[in-house]
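In: based on what follows, work out the 3D shape:
(one chain, ligands or ions: 1)
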Amino acid sequence: MWFFFSPNIIYGPDSVDFMENISGGKCFIITDKVVKDLGYLKTLTDVLDKFGKQYEVFDDVVPDPREEGVLKAREQCLNYAPDIIIALGGGSVMDTAKVVWVLYEFPDFTLDDIHAFRNDLYDMGKKAKLVAIPTTSGTGAETTFVTVISRYEEEIWKKYFFLHRGLIPTYAIIDPIFPMGMPTELTVNTAFDALAHSIEGLGTLWRNEFSNALALKAIELIFKYLPIIYKDGKNKEARDFLHQAATIAGLAFGNGQVHIGHTLGHSWGSMYHVHHGKSVGIAMKYVTQFIMNDPDKDDAIKIYAKLARQLGWVSWSEDDKKAAEKVLEKMVDLQKEVNFPMSLKETGVSKDDFEKGLDSLVNLCYQDASSVLTPRSTNGEQFKKLYQYAYEGKDVDF
Ligand SMILES: [Fe+2]
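Out: Just a heads-up that it's a prediction; the model follows:
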């Protein structure tokens, strides 16, 4: 038995007008100050006003949301008693909203009650529907059943995963009006997160025919439309398709998962407060090389060779190894084209800080759930070397 889970997806220009069709008249909007300041909260509330829906707003979500913030939002939600919860924002907003949704549906729960092995969480939606409206094109969190919430423990902010398929939003509205004004650097960082979901998704141990098909399409769209947006952020067609690509990549990731690129990226992001998309986007090339160098099997070579052929990057008769290497070459070309960093050093962490933090980084990797599905099991020494190579920008030769 296997699964394919997805929210109901409404996409394309004006899709936010679908709010009219969602039953319920009291909306609790979860968002952040950036989304509010960019005017996107008003875009949404204008739509709700048009359809005669009431709303109350929680706009205090912060990047890498913390347990305290989630509990504050839950309190406000319980007091307001909505029949629709709307998450308007990026990954942090979605993660907060999913947890608030559970704690609203099950008011006796704590965060630790959310885990994969309880059947009651399949009954989400009795009190409210969750509508996810992403404003960035990257995290795919509008499609997934995972949330990441931080807790301060042992003098460090640790990221905890709370997951259950019941946490998948009821609806995802993928309207390109929301990412239209995203600054270039954020557009590129979030797009590399989506690319990492697809590239890692093709290699992960949970890969399946559904996730493979979606990852392939997402990679094609990101390679086509990100360079266009990099030159012209107002290009409507490119914004629409990149926004769709992030959701498609999210479905691939949600149903196939990712692996050690995200492990390295999560730990790097926690330690040095570097954007998630930037951290995993840099790690992507190095972990792809690492799994392609697996001395015991050539699965990864075959997977990426097929990708290069399917996307027309090499001829169908090209040798597997050369075809797979073409994928690495294309990644680097895209990084250069949109001015994305090639090495972890370029995230501004000094060599001294990096060396001092290396053992803690590796310890965090052991605690990261993403590493479980890596196609090449990775020991502490290898995690350390991967960081060293990715920091210096050296090709992985082990
Ligand atoms: Fe990610």
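
In: tell me where the chain has strands.
Out: 8-11, 26-30, 54-58, 84-89, 129-134, 146-153, 156-163, 171-174 (DSSP state E).

In: tell me which helix or strand in this protein has the weakest average pLDDT.
Out: Least confident helix or strand of the chain, by mean pLDDT, DSSP states H and E, is strand 156-163 with a mean of 83.

In: quick one: that one to strand 146-153, angle?
Out: Orientation note: strand 156-163 sits at an angle of 150 degrees relative to strand 146-153 (axes from the mean of the first three to the mean of the last three C-alpha atoms, to 10 degrees).

In: A300 against M292, yeah?
Out: Yes - between A300 and M292 there is a contact at 4.7 Å, judged by C-beta atoms under 8 Å. Just so you know, the C-beta spots here come from the backbone N, C-alpha and C atoms, and that holds for glycine as well.

In: comparing the two, which residue is more hemmed in?
Out: M292 (24 against 21; other C-beta atoms under 10 Å).

In: show me the contacts for that one.
Out: 300-301, 304, 324 (C-beta atoms under 8 Å, 6 or more residues apart in numbering).

In: give me the pLDDT value at it.
Out: Per-residue confidence (pLDDT) for M292: 98.

In: what about it, distance to V362?
Out: As for M292, its distance to V362 is 22 Å (criterion: C-beta to C-beta, to the nearest Å).

In: how about stretch 26-39: buried residues?
Out: 27-32, 34-36, 38 (16 or more other C-beta atoms under 10 Å).

In: please apply the same query to stretch 333-352.
Out: 334-335, 338, 340-341, 344-345, 347, 349.

In: ok so, going back, report the strands that pair with the least confident helix or strand of the chain, each with its relative direction.
Out: Counting by DSSP bridges, the strands paired with strand 156-163 are strand 146-153 (antiparallel).

In: how long is stretch 304-324 end to end?
Out: 5 Å (C-alpha to C-alpha, to the nearest Å).

In: identify each buried residue in that stretch, please.
Out: Residues 304-309, 311, 314, 318, 320, 323-324 are the ones in stretch 304-324 that count as buried (16+ other C-beta under 10 Å).

In: one step back: least confident of the strands of the chain, on average?
Out: strand 156-163 (a mean of 83).

In: what's next to it, contact-wise?
Out: The contact list for strand 156-163 (C-beta under 8 Å, 6+ apart) reads 64, 66, 99, 111, 114-116, 145-152, 266, 270-271, 360, 364, 367-369.

In: what's the ChimeraX syntax to select whichever of those residues are buried?
Out: The buried subset of the contacts of strand 156-163, as determined by 16+ other C-beta under 10 Å, is captured in ChimeraX by this line:
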select :64,66,99,111,114,145,146,147,148,149,150,266,270,271,364,368,369
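
In: please name the nearest non-neighbouring residue to the spatially most central residue of the chain.
Out: The centroid of the chain falls nearest to T139 when counting by C-alpha atoms, centre = their mean (2.6 Å). Ranked by C-beta to C-beta, 6 or more residues apart in numbering and with sequence neighbours excluded, the top spatial neighbour of T139 is G91, at 3.4 Å.

In: understood, closing this out.
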